[in-house]
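In: just need the structure, nothing else, for what follows:
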Amino acid sequence: MSNSLKALAFGLALLGIDFADTSAGSLATASGRAAENNEEQSAREIKTLAVSDMLAGLHRLKFNAGSRNTGEAIWVPVLVVKGADTGPKLLLTSAVHGDELNGISVIHRLLQSFDFASLRGTLIVVPGVNQPGMNANNRHFVGSGEGGNMADLNRLFPGRLQGGNAAERYAGQLWHNVFKNNADFAVDLHTQTRGSDYPLFVFADFRNPVSKQMAFDLSPDLIKNDQGQKGTLETALMRAGIPSVTLEVGGPKRWQPDLVERSVTGLHNVMKGLDMLPGGKTISKIEPFVGAASVNIYTDVGGFAYIHVGLKDKVNKGQKVATMVDAYGAELASYYAPYNGVVLSVATDPLREPGAMLVRILY
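Out: Down below sits the predicted model:
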């Protein structure tokens, strides 16, 4: 089936229409059937997710993760696809940072890309974890306290159910009532932040063999063997005994179809490796570069950045990677690679203030 037909089938399924039943008569009544089923098809409100108690099929949900300063609930979208056969529970999260959108497209495409009837186990997906950040068009969780505060949600997991600020409580609600008890494995989807870019890149803790295998199944350009950072969702999941990786899908605030499609293929491989989907894995032609450390090259002066290397370029120690110039074009400073390695990230915004990243090298 072509991608367009899969997308049509998925859309019809959401309307309660069998893809096989697409005669002229049935299509003519589609809008009427959709109207009749509107209440059934609308997202069901939940305060706790318990996938073990759910029936097989597709479930559209919205989780009450807290409230705004006006008293309105903050709703987080959740989709659950439960197979008829028992199997693993795979959690996919996206937009923990509110400006990192490619992961949402990955989730949309993944749900269009396979036959739900073939699924063994349960797929739990969250297309937009950080709703306050997304609404504010911001990387951070944006609250109203103290005249408006911003918190990095991906440094706050597992959060808090009592005490703490709004962001900590929000993280705690998601952790305790959605994530922790509904996942055997997890992939957290991110991108680089505004003003910079990534290729397809994975953070994975190789001390866990399942996480290591998931990293390679995703077939990224680069992998960092990384023991995690306190407060990130991946690290919190790992500490809870849930093998997890972080998949970085390019840059922020845009769709990147090539990287999205590669990510979907990689997730198919992960699901096949977990025996959630039938068939063999897709063999990638890309041999990822694996490093255990990375270094950021920061500018000491403000001005205009000229980056002399590109993503995935190999660099040698001492190689010039960036030049800063002033408004007249006069050179202010040059920057050089401190190690042999591969370019993991580059600045895409030429305007750089002192302390801003120019290039990140994985080695």
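In: surely Val78 touches Leu49?
Out: Yes - with contact defined as CB atoms under 8 Å, Val78 counts as touching Leu49 (6.5 Å). All C-beta atoms are positioned from the backbone trio N, CA, C, and that covers glycine.
In: what do those two both touch?
Out: Listed as contacting both Val78 and Leu49 by CB atoms under 8 Å, 6 or more residues apart in numbering are Leu61, Phe63, Ile124, Val178.
In: just these: which are in strands?
Out: Per DSSP state E, strands hold the following members of those: Leu61, Phe63, Ile124.
In: tally of neighbours for the second one?
Out: Think Phe63. Close neighbours of Phe63, defined as other CB atoms under 10 Å, add up to 23.
In: that one against Ile46, yeah?
Out: Yes - Phe63 is in contact with Ile46 according to CB under 8 Å; the separation is 5.5 Å.
In: name the residues that touch stretch 57-66?
Out: Counting by CB under 8 Å, 6+ apart, 13-14, 41-47, 49, 73-82, 116, 131, 166, 169-170, 173-174, 177-178 sit against stretch 57-66.
In: show the average pLDDT along it.
Out: Stretch 57-66 shows an average pLDDT of 98 in the prediction.
In: do the same with stretch 236-253
Out: 98.
In: how about stretch 99-107?
Out: Rounded mean pLDDT across stretch 99-107 is 98.
In: for stretch 180-199, same thing?
Out: Here the average pLDDT along stretch 180-199 is 98.
In: roughly how far is it from the heart of the chain?
Out: 3 Å (CA atoms, centre = their mean, to the nearest Å).
In: please, where are all the helices along this protein?
Out: 3-14, 24-28, 30-36, 38-41, 102-112, 131-135, 166-174, 209-217, 233-239, 257-273 (DSSP state H).
In: mean pLDDT for these: which is lowest?
Out: helix 24-28 (a mean of 35).
In: follow-up on the earlier one: any chance of the shared contacts of Val78 and Leu49 in CSV, plus distance to Arg160?
Out: Conversion of the shared contacts of Val78 and Leu49 to CSV gives the following (distance: CB to CB, whole Å):
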residue, distance to Arg160
Leu61, 23
Phe63, 17
Ile124, 23
Val178, 15
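In: most surrounded residue in those?
Out: So for the shared contacts of Val78 and Leu49 (other CB under 10 Å), the most neighbours sit at Val178, 25 neighbours.
In: that one: what's it in contact with?
Out: Here Val178 is in contact with Thr48, Leu49, Phe63, Val76, Val78, Ile124, Val126 (criterion: CB under 8 Å, 6+ apart).
In: quick check: the first one touching Lys180?
Out: So the one you mean is Thr48. No - using CB under 8 Å as the test, Thr48 is too far from Lys180 to be in contact (11.2 Å).
In: okay, those two: which has more neighbours?
Out: Lys180 (17 against 12).
In: that one touches Pro158, doesn't it?
Out: Yes - taking contacts as CB under 8 Å, Lys180 lies within contact range of Pro158: 7.3 Å.
In: list the residues that contact both of the two?
Out: Contacts common to Lys180 and Pro158, judged by CB under 8 Å, 6+ apart, are Ala240.
In: quick one: distance of stretch 257-269 to the chain centre.
Out: 12 Å.
In: dump it to PDB, keeping only the CA atoms.
Out: What follows is stretch 257-269, C-alpha atoms only, in PDB (Å, rounded to 0.1, in the frame of the first residue of the first chain):
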ATOM      1  CA  PRO A 257      10.700  14.900   5.900                       C
ATOM      2  CA  ASP A 258      13.800  12.900   5.200                       C
ATOM      3  CA  LEU A 259      14.800  12.700   8.800                       C
ATOM      4  CA  VAL A 260      11.300  12.000   9.800                       C
ATOM      5  CA  GLU A 261      11.000   9.100   7.400                       C
ATOM      6  CA  ARG A 262      14.400   7.700   8.500                       C
ATOM      7  CA  SER A 263      13.100   7.900  12.100                       C
ATOM      8  CA  VAL A 264      10.000   6.000  11.200                       C
ATOM      9  CA  THR A 265      12.000   3.300   9.600                       C
ATOM     10  CA  GLY A 266      14.300   3.200  12.700                       C
ATOM     11  CA  LEU A 267      11.300   2.800  15.000                       C
ATOM     12  CA  HIS A 268      10.000   0.000  12.800                       C
ATOM     13  CA  ASN A 269      13.300  -1.700  13.500                       C
END
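In: for Asn102, which non-adjacent residue is spatially closest?
Out: Distance criterion CB to CB, 6 or more residues apart in numbering; nearest residue to Asn102, sequence neighbours excluded, is Val249 at 4.0 Å.
In: what is the neighbour count of Ala327?
Out: Applying other CB under 10 Å, I find that Ala327 has 7 neighbouring residues.
In: got the contact list for it?
Out: For Ala327, the contact set (CB under 8 Å, 6+ apart) comprises Gly303, Phe304.
In: isn't Tyr336 right up against Val321?
Out: Yes - taking contacts as CB under 8 Å, Tyr336 lies within contact range of Val321: 6.4 Å.
In: comparing these two, which residue is more hemmed in?
Out: Neighbour totals were compared for Tyr336 and Val321, and Val321 leads with 20 against 14 (other CB under 10 Å).
In: so how far is Asp300 from that one?
Out: 14 Å (CB to CB, to the nearest Å).
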